[in-house]
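A.B. asks: this one's structure only:
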């Protein structure tokens, strides 16, 4: 029977330097879809909720989905699932490029790493051939050099993922990088990889496609998806023309662009860091992930070489959030983030927090020795402090490399960390957009926009307009988007496809690929199952209900000026309704909810 599942996973014991191929149960795969969902199930079953994230006992899982590597639009995504060190919660990072598809073509739906190597190692996969190799010569190398070396060794038809110096130094802002400038970011997943002395994974494969269960149905679903992409203004025009950076002027225009560490929400110089400015002056070409027709990536030139340019989040985080309007400085800081393997949200938001600590006298000039002062608007500072954080150049840089929550705690000023569950919130002010704030607060991995991207209806009006200033109906909206996102991540396609596609289209693609027969409602229920299992993981990890919150600045301090002046987040109005809609009590699923979702047996305590 053809199916886009390989129904095989590779388990690698780094302590013993051994590996084995294990079967994957088809019914379990379909129940959790794949990718994010299936890997979370394995992590939960292994009891990793109660282990130290940086210990050998923690598992590190790389998983693709049933659509990864197919001809479905945007089908090049993979997930990194682990217990993340930034907050001891479920770690769930997503990346594009080509690596995830290459792993599928090699014959594996996932790789599970356990234990810890006694020296730096890397993994090489070429279909059935697997090797654990010495990586001492790569340790300390940055992303571009690491990628180039591995490509020279294994050929142009190989793809690699790796950590940079930040992951080697166990920075809680470290990412897993692949294909030079694609990142599985947030939460410190790179530190987990570094804690295992695992530098890189390179994959080659003899295949370049996977066969669907029903090829004709898959072909029809693919055509329908492409037609919807062409009809949608975001996927056909906005993202291809300006990338995600198209949002800079849009979000600033409604007064929701966090500025100077969220002290303000409108940046007068936004045009200077916008997608339009980037496209006009610096764009060389669009960047495409595997089988993507959108091409939202920005490719720019640096010192005669094409490199990945900044997306919306780093344009905001290095830009308005640090008071910087110099686009060349932002381009360079973003490049250095990728080179060191740092989170391009958490790194600049931590710099912004440090700038406010400097502004208010907590950080002293002597701590700033040999580096540019941490002053608002200092373009040189965002570049040099990014490099310093990646290198661990001095004590303050080492502290900043652990994120804004740890930085601000050190100065006994936690109120200046703009984080939820100790993960920095992204580029949409939750005071001006009510639903996204509820999503930040209830995100299982911490402050994150891509767990439930309600910006789509609240700002862009897709699929329908929802008033960003109102709280009514936001509980249902956030739950819907969180469940849908969990299912999309598990499929192995890009979240941006949801601008054009809905549950019905995803269910059709999934059914054609795997031989399943899910209705759109059942597809969403699978996402709900995954979201609830993540919440169970967090409960076992020691999470408390009070962590479903945001900083007082967002809850109590009104936006001082601009189009959204006077607004605060009304989380207290939305959260009880959200719990009720979810079937949760005090922040966690009830027995009845778990039974309805067929995961009651997953509860371990």
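C.D. replies: Ah, there it is. Here the structure is a predicted model, which means the values were calculated and not measured.
A.B. asks: Now the phi/psi pair for residue 297, please.
C.D. replies: Here is the backbone geometry of residue 297 (degrees, to the nearest 10): phi -60, psi 150.
A.B. asks: got the buried residues for stretch 83-92?
C.D. replies: 83, 84, 85, 86, 87, 88, 89, 90, 91, 92 (16 or more other CB atoms under 10 Å). In this view, the C-beta of every residue, glycine as well, is placed from N, C-alpha and C.
A.B. asks: These into CSV, with extra columns for pLDDT and distance to residue 305?
C.D. replies: As requested, the buried residues of stretch 83-92 are arranged in CSV below (pLDDT from 0 to 100; distance: CB to CB, whole Å):
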residue, pLDDT, distance to residue 305
83, 98, 37
84, 98, 32
85, 98, 33
86, 98, 32
87, 98, 36
88, 98, 39
89, 98, 37
90, 98, 37
91, 98, 32
92, 97, 32
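A.B. asks: Name the nearest of these relative to residue 210.
C.D. replies: residue 92 (23.7 Å; CB to CB).
A.B. asks: Name the SS class of that closest one, please.
C.D. replies: The three-state assignment at residue 92 reads strand, by DSSP: H, G, I helix; E, B strand; the rest coil.
A.B. asks: can you give me the mean pLDDT across stretch 38-54?
C.D. replies: Per-residue pLDDT values across stretch 38-54 average out to 98.
A.B. asks: In that stretch, which of the residues would be classed as buried?
C.D. replies: Within stretch 38-54, the residues scored as buried using 16+ other CB under 10 Å are 38-44, 46, 48-49, 51, 53-54.
A.B. asks: what's in contact with that stretch?
C.D. replies: 24, 28-29, 32, 57-59, 61, 63, 79, 81-85, 88, 90-92, 109-110, 112, 170, 188, 191-192, 195, 490, 530, 533-534, 536-541, 602, 604 (CB atoms under 8 Å, 6 or more residues apart in numbering).
A.B. asks: which among those residues end up buried?
C.D. replies: Buried residues within the contacts of stretch 38-54, counting neighbours by 16+ other CB under 10 Å: 24, 29, 32, 57-59, 61, 63, 79, 81-85, 88, 90-92, 109-110, 112, 170, 188, 191-192, 195, 490, 530, 533-534, 536-541, 602.
A.B. asks: Out of those residues, list just those in strands.
C.D. replies: Residues from these lying in strands, with DSSP state E as the criterion: 61, 63, 79, 81, 82, 83, 84, 90, 91, 92, 110, 112.
A.B. asks: and of the residues you listed, the nearest to residue 435?
C.D. replies: Of all those, the one with the least separation from residue 435 (CB to CB) is residue 92, at 20.6 Å.
A.B. asks: before we move on, back to that, need the buried residues of stretch 38-54 in CSV (columns: distance to residue 501 and secondary structure).
C.D. replies: CSV is the format used below for the buried residues of stretch 38-54 (distance: CB to CB, whole Å; DSSP: H, G, I helix; E, B strand; the rest coil):
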residue, distance to residue 501, secondary structure
38, 21, helix
39, 23, helix
40, 23, helix
41, 25, helix
42, 27, helix
43, 28, helix
44, 29, helix
46, 33, coil
48, 32, helix
49, 33, helix
51, 37, coil
53, 34, coil
54, 38, coil
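A.B. asks: closest to residue 415 among the residues you listed?
C.D. replies: Distance to residue 415 across the buried residues of stretch 38-54 (CB to CB) is lowest for residue 53, with 25.8 Å.
A.B. asks: Distance of the closest one relative to residue 43?
C.D. replies: Distance check for residue 53 against residue 43: by CB to CB, to the nearest Å, it reads 11 Å.
A.B. asks: cool, residue 438 as well?
C.D. replies: When distances are taken as CB to CB, residue 438 and residue 43 turn out to be 26 Å apart.
A.B. asks: does the residue sitting furthest away from the middle of the chain count as helix, strand or coil?
C.D. replies: With distances taken from the mean C-alpha point of the chain and given as CA atoms, centre = their mean, the most distant residue is residue 366, at 35.2 Å. Three-state secondary structure (criterion: three-state DSSP) places residue 366 in helix.
A.B. asks: which two from the ones in strands among the buried ones among the contacts of stretch 38-54 end up farthest apart in space?
C.D. replies: Within those (distances taken as CB to CB), the two that end up farthest apart are 84 and 110, at 17.8 Å.
A.B. asks: can I get the buried residues of stretch 83-92 in JSON lines with distance to residue 562?
C.D. replies: Shown next, in JSON lines, are these (distance: CB to CB, whole Å):
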{"residue": "83", "distance to residue 562": "39"}
{"residue": "84", "distance to residue 562": "34"}
{"residue": "85", "distance to residue 562": "36"}
{"residue": "86", "distance to residue 562": "31"}
{"residue": "87", "distance to residue 562": "31"}
{"residue": "88", "distance to residue 562": "36"}
{"residue": "89", "distance to residue 562": "33"}
{"residue": "90", "distance to residue 562": "35"}
{"residue": "91", "distance to residue 562": "35"}
{"residue": "92", "distance to residue 562": "33"}
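A.B. asks: ok, which stretches of the stretch 451-600 of the chain are helices?
C.D. replies: With DSSP state H, counting those that start in this stretch, the ranges of helices along the stretch 451-600 of the chain come out as 455, 474-491, 503-514, 520-540, 552-556, 571-582, 591-596.
A.B. asks: Could I get the buried residue list for the fifth one?
C.D. replies: Residues of helix 552-556 classed as buried under the neighbour-count rule (16+ other CB under 10 Å) are 553, 554, 555.
A.B. asks: can you check the third one too?
C.D. replies: Of the residues in helix 503-514, 503, 505, 506, 507, 508, 509, 510, 511, 512, 513, 514 count as buried by neighbour count, 16+ other CB under 10 Å.
A.B. asks: Return the closest of these with respect to residue 372.
C.D. replies: Comparing every one of those with residue 372 (CB to CB), the shortest separation belongs to residue 506, at 47.0 Å.
A.B. asks: Quick check: chain neighbours aside, which residue is closest to that closest one?
C.D. replies: If you skip the residues right next to it in sequence, residue 506 has residue 523 as its closest partner in space, 5.9 Å away by CB to CB, 6 or more residues apart in numbering.
A.B. asks: which residues does that neighbour contact?
C.D. replies: Going by CB under 8 Å, 6+ apart, the list of residues near residue 523 reads 487, 503, 506, 507, 510.
A.B. asks: where does it land on pLDDT?
C.D. replies: Here the pLDDT value assigned to residue 523 is 98.
A.B. asks: go on, the one 4 residues further on?
C.D. replies: Note for residue 527: predicted pLDDT of 98.
A.B. asks: just residue 599 next, same as before
C.D. replies: Residue 599 is assigned 92 on the pLDDT scale.
A.B. asks: next one: residue 291
C.D. replies: At residue 291 the predicted local distance difference test score is 89.
A.B. asks: Need the nearest residue in space to it, chain neighbours excluded.
C.D. replies: With sequence-adjacent residues excluded and distances taken as CB to CB, 6+ apart, residue 291 is closest to residue 75, at 5.1 Å.
A.B. asks: Quick one: residues contacting that neighbour.
C.D. replies: Remark: with contacts taken as CB under 8 Å, 6+ apart, residue 75 is in contact with 67, 68, 69, 101, 290, 291, 492, 493.
A.B. asks: at 10 Å what do you get?
C.D. replies: Taking CB atoms under 10 Å, 6 or more residues apart in numbering, we find residue 75 in contact with 4, 64-69, 96, 100-101, 104, 210, 222, 289-292, 491-494, 497, 509, 513.
A.B. asks: and if you look at residue 533?
C.D. replies: With contact set as CB under 10 Å, 6+ apart, residue 533 has these partners: 32, 37, 40-41, 43-44, 90, 444, 486, 589, 594, 597, 599, 602-603.
A.B. asks: swap the cut-off to 8 Å and go again
C.D. replies: Taking CB under 8 Å, 6+ apart as the contact definition, residue 533 lies against 32, 37, 40, 41, 44, 599, 602.
A.B. asks: Show the pLDDT at it.
C.D. replies: The predicted structure scores residue 533 at 98 on the pLDDT scale.
A.B. asks: That concludes my questions; thank you for your assistance.
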